[in-house]
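> Need coordinates for the below:
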Amino acid sequence: MSLNIKNERVHELAREAARRAGTSQTSAIEAALEQYLSSFDATTAAARSADLDFLLHDVRTRLHAAGASLSTDDLYDDQGLPR
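Next comes the predicted model:
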């Protein structure tokens with residue numbers, strides 16, 4: 001496989017990353033790309049978590065406004081089984 005990068009700034013960054021990490025340029029670029037790609041997963045997870053928090057807040061607000069509330073007593077019987 002071959003990847004031909006013709007950008008001097010990228011070459012400088014690869015050399016510096018490899019020097020600081022004590023690895024080859026290929027290893028430094030591989031690690032950087034893995035970290036970069038994992039940031040997309042983290043961003044997606046954070047967005048999903050924020051969406052879920054918003055939905056839960058909305059449900060709580062609507063239940064409270066309607067005078068409805070649920071406690072564990074409403075959800076489970078005396079043996080701890082769902083009603």
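> Check which helices and strands the top helix by length along the chain sits against.
Using DSSP state H to define each element, the chain has its longest helix at helix 25-65. Counting contacts by 3 or more C-beta pairs under 8 Å, 6 or more residues apart in numbering; DSSP states H and E, helix 25-65 packs against helix 8-21. Where you see a C-beta, it was placed from the backbone N, CA and C, and this is true even at glycine.
> hang on, the earlier thing: can you list contacts of the next helix or strand after the longest helix of the chain?
Note on helix 25-65: by DSSP states H and E, the next helix or strand toward the C-terminus is helix 72-75. Contact with helix 72-75 is made by 82-83, as judged by C-beta atoms under 8 Å, 6 or more residues apart in numbering.
> one more time with 6 Å
For helix 72-75, there are no external contacting residues (C-beta atoms under 6 Å, 6 or more residues apart in numbering).
> Convert that helix to PDB, retaining C-alpha atoms only.
Extracted as PDB, the C-alpha positions of helix 72-75 are listed here (Å, rounded to 0.1, in the frame of the first residue of the first chain):
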ATOM      1  CA  THR A  72     -41.700   2.700  42.700                       C
ATOM      2  CA  ASP A  73     -44.900   1.800  44.600                       C
ATOM      3  CA  ASP A  74     -46.800   2.600  41.400                       C
ATOM      4  CA  LEU A  75     -44.600   0.400  39.300                       C
END
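> in the helix or strand bottoming out on mean pLDDT in the chain, what's buried?
The weakest-scoring helix or strand in the chain, judged by mean pLDDT, DSSP states H and E, is helix 72-75 (a mean of 82). Judged by neighbour count using 16 or more other C-beta atoms under 10 Å, helix 72-75 contains no buried positions.
> Neighbours of Gln25, how many?
Residues near Gln25, counting by other C-beta atoms under 10 Å, number 16.
> pretty sure it contacts Glu12?
No: using C-beta atoms under 6 Å, Gln25 is not in contact with Glu12; the gap is 10.7 Å.
> Give the residues shared as contacts by these two.
In contact with both Gln25 and Glu12: no residue, using C-beta under 6 Å, 6+ apart.
> what residue is smack in the middle of this structure?
Computing the C-alpha centroid of the chain and ranking residues by C-alpha atoms, centre = their mean puts Ala42 first, at 2.1 Å.
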